[in-house]
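A.B. asks: sequence unknown, structure follows:
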């Protein structure tokens, strides 16, 4: 059985149930979607919440039990219009008017009738496993000036077992939701009201996590021959005219005025890095020049699409621009691919690769496009990397590789991108002196390895469910003195760990030790060191691991060795 | 002899010389200033440059030789007006009109007459040592809509020896000018035309230097119990209404619009840090809370006052906000003072301390002011620190300590500030739960230790004259292969150093070794390692220090030990 047909049929049953329970409820649309279905309703004087879902599910089960057939019928448009006008289904009427065909089809199940292209299952009894999930608001046809409808999400599967597996996965995803964990672990917040939506404030533990990753990234870039640069967040509008961004990207850019001139809060780092490249003469011997920056950019997104750390208005890219000769292009791409994969592996992600080729509208010579696409393909092939070709999905100035990171639940996240660019070197008249003394045009590679720090942290939180491996855990060790009299010894232990650059905190509250352990466990601290009379006498600590529980008593040096080894291996 | 009188008299002689050489040159003003004097002229159809100065000096020497007396004369205002109107001295006429007294004084030397309050030296022959320094443009009375005059700067001293010492110091300062060294050492640039004035772009070596200092700073903050936070660069205008900045600071703030609401490019980090403090309940046990951030801020400055790294439109503060109980205030201040001095010492600065007390207009209760001022004074006194009191120079919300850094030439630079604030905790309704369970108001300390990274780097470049000590030198070691055949061995040496985290570059150009050495020396690289046949055979390197010259042949491990020791000691 086709899953979409099943789910779409379930949405009809949902609509039938809602109309029985809430007479006067008018219908929007009810499609099958990835992982389920939804139906939109306009229910006068009723505000549905998730608490109403069991009652609706109950009614749906009744309809399923009746095993009513799905009956298809074809009507002339005028007949259909009359039918739905009579039933006061104004949204359906609007839909019919937009259909260009002369005839439309409707589906009936019992007393319920819906405008529908089909296909459907034979009868309602074929639905074996379904569940309603959430209630949300949604504008009619997604347009903000239209009425707000009530959308009920649900899902359906051929078997109860498949449904159960899916629900478990959803619950797991919910537990890992980075917004929820961001609050619980006190990592970050977005002060919508006070400071504006889509702008992230990193609290101490979140900032620590981010800086640990940034430090690691910077070190890895140095090892690979990148040079650091730093550019300001605002620049004259004219710079963005030269780059072309103010033409095709203007509505996503924030403008301000200084001394009666237009300035831009940078949406990209490239023009700034280009100014630095252009500032001095480059010989072919100096290339490739690789400029790296943790560059913060600001881009307008409608407030409706903002989502935690994943979709924001300000974010920091681990951004680099590589200026190289056409001959160096393939090797540079190859190095970036290795770099990107190594980073993803380090943070526990799998990946999938997409290659986006020349779109219909493009800038630059065809031979450049061929050279660049060949370089990307060759680099992938030589490494034996499987990839999907997305024909025509490149940006207008060059082809690119997109890497999707896959997390512990198999969910995809936007990750590294490698983009070849002939356009900006042209627009900014970039040069290098070739071996024969002539001036030549370098190629640029735009690349991010983690992508945006915000999005990456969101993915990382969900990938690890907040239980970060030891080497990046904002707090690695929590010391738990059993009573006030152990505070001094706890301090000695803390000082020794601190002196070894271990990130340690002490819970000195006058609370029961079990409560302290439970809270440290909830905070997903990798190691708890419990210190009481016995530990103090033995100059030792009782070690508890967040994943393995009680590990028994240990002397501090042995424990330190264990920590250092785990950090070095980036495990735990 | 009073130095100001001497210099002011020299400015009259300068004016007399200019009027002899350029008949029709009209006079602006000609005061003594710190370290010298200037005179402003309006010279029709003549553009003076520094090349004209020797000729003017020559003429001045003639006047000195004549030993003409300075003759004072008192005139009624009308007489003076008539006199200067006749001589077409329109600026002097304007000045006379503004004088409220009935009588004014003029001074004559030879044929030269000037409106002047005096006093002067007896006669021109008393000038023993003077020199003209530079020519610049200056608006009449400093107002941009007034005519641009030609300003000639000079200086004078009682003896030739003192003049010579001063000129040497000026030349030394010129050699150390951070804008000049910034270009020569390729540390940074400001792309006025392309991207806007006052906005700094860090080139690879400058970015490396800055990041090394930032990493060091962050580590030092961690050791002292600070927590890192990170906040976005824009925030709703309303946040700045709550803080009060949009009232008294508006003209220095950059505004933009998002979704029809006012947003601000942050000019300060405090409101953001306050949001994070306010996000959770704090017990007295948690205080002091110390939030640290390398926080970039943007403030409007007129383009005319912008100056290299010292006066910019965007800069990064090493900013912290300490939230503490009133009882903790003094100890926290004391810790910040220690921290600040330790940092300045590390970077080779001396310092002077100013205490700024309550201004006439102030916010907050008098007892708070007393408590805060006492805490600042006590902290200084207990350490036996000498300080100057600047009565009434505090900001309206609290008293502060300003530390001026003094560089190798004894010049002062704005450095650390420690500021007590009762106002923002009030405006944002900040609280902590006291030991007795009641809600209490914390005190805030705003503090920077280096100040602005931009200004600090400017001062640092000039303090070291670009010859940074080994531990922060962007390139620590330059490897100089004598011929192409030594490139492979040079690479082996480079790899070994790199693996020990030494910042190393190799000069592989086909140039004579002496030229390579000279250029590395000009780039102020701490160590050059020359590798040729002999070194390769001995598996060694010939070490050359930028300050001590040739240090002879050394095996690599011995050299590495030396490097590490110097880095550890932050010497070299």
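C.D. replies: Nice, thanks for sending it over. Keep in mind that what you see is a predicted model, and the values were worked out from it rather than measured.

A.B. asks: so who does residue A:287 touch?
C.D. replies: By CB atoms under 8 Å, 6 or more residues apart in numbering or on different chains, the contact set of residue A:287 is A:323-325, A:328, A:432, A:442. In this view, the C-beta of every residue, glycine as well, is placed from N, C-alpha and C.

A.B. asks: Mind giving me the PyMOL select for those residues, buried ones only?
C.D. replies: Filtering those down to the buried ones (16 or more other CB atoms under 10 Å in any protein chain shown) takes a single PyMOL command:
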select buried, chain A and resi 323+324+325+328+432+442
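
A.B. asks: Report the two of the contacts of residue A:287 separated the most.
C.D. replies: Greatest spatial distance in the contacts of residue A:287: A:328 and A:432, 10.8 Å, computed using CB to CB.

A.B. asks: number of nearby residues for the closest residue to residue A:125 other than its chain neighbours?
C.D. replies: Spatially, and ignoring its direct neighbours in sequence, residue A:125 is nearest to residue A:67 (3.2 Å; CB to CB, 6 or more residues apart in numbering or on different chains). Per other CB atoms under 10 Å in any protein chain shown, the neighbour tally for residue A:67 reads 12.

A.B. asks: Pretty sure residue A:67 sits against residue A:122.
C.D. replies: No. Contact between residue A:67 and residue A:122 fails when scored by CB atoms under 8 Å: they sit 9.2 Å apart.

A.B. asks: Tell me which residue of the stretch 351-500 of chain A lies closest to chain B.
C.D. replies: residue A:498 (8.2 Å; CB to the nearest CB).

A.B. asks: Surely that residue forms part of a helix?
C.D. replies: Yes. Assignment of residue A:498 by DSSP: H, G, I helix; E, B strand; the rest coil places it within a helix.

A.B. asks: Does the helix or strand containing residue A:480 pack against any helices or strands, and if so which?
C.D. replies: Assigned by DSSP states H and E, residue A:480 falls within strand A:477-481. In terms of contacts (3 or more CB pairs under 8 Å, 6 or more residues apart in numbering or on different chains; DSSP states H and E), strand A:477-481 is packed against helix A:487-499, strand A:504-506, helix A:513-522, strand A:527-531.

A.B. asks: neighbouring strands for the shortest one, and are they parallel or not?
C.D. replies: I take that to be strand A:504-506. Strand pairing for strand A:504-506, using DSSP bridges, gives strand A:477-481 (parallel).

A.B. asks: so how far is residue A:466 from residue A:183?
C.D. replies: Taking CB to CB, to the nearest Å as the measure, residue A:183 falls 11 Å from residue A:466.

A.B. asks: Put together CSV for the contacts of residue A:287, with pLDDT on each row.
C.D. replies: Below are the contacts of residue A:287 laid out as CSV (pLDDT from 0 to 100):
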residue, pLDDT
A:323, 98
A:324, 97
A:325, 96
A:328, 96
A:432, 98
A:442, 97
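
A.B. asks: Can you flag which of the contacts of residue A:287 belong to strands?
C.D. replies: Judged by DSSP state E, strands contain the following of the contacts of residue A:287: A:323-324, A:432.

A.B. asks: ok, those vs residue B:197, which is closest?
C.D. replies: residue A:323 (26.3 Å).

A.B. asks: and residue A:563, how many neighbours?
C.D. replies: Neighbours of residue A:563 (other CB under 10 Å): 20.

A.B. asks: Look up phi and psi at it.
C.D. replies: Main-chain torsions, residue A:563, degrees, to the nearest 10: phi -60, psi -50.

A.B. asks: ok, now which ones touch residue A:89?
C.D. replies: The neighbours of residue A:89, taking CB under 8 Å, 6+ apart as the test, are A:26-27.

A.B. asks: how near is it to residue A:21?
C.D. replies: For residue A:89 relative to residue A:21 (CB to CB), the value is 17 Å.
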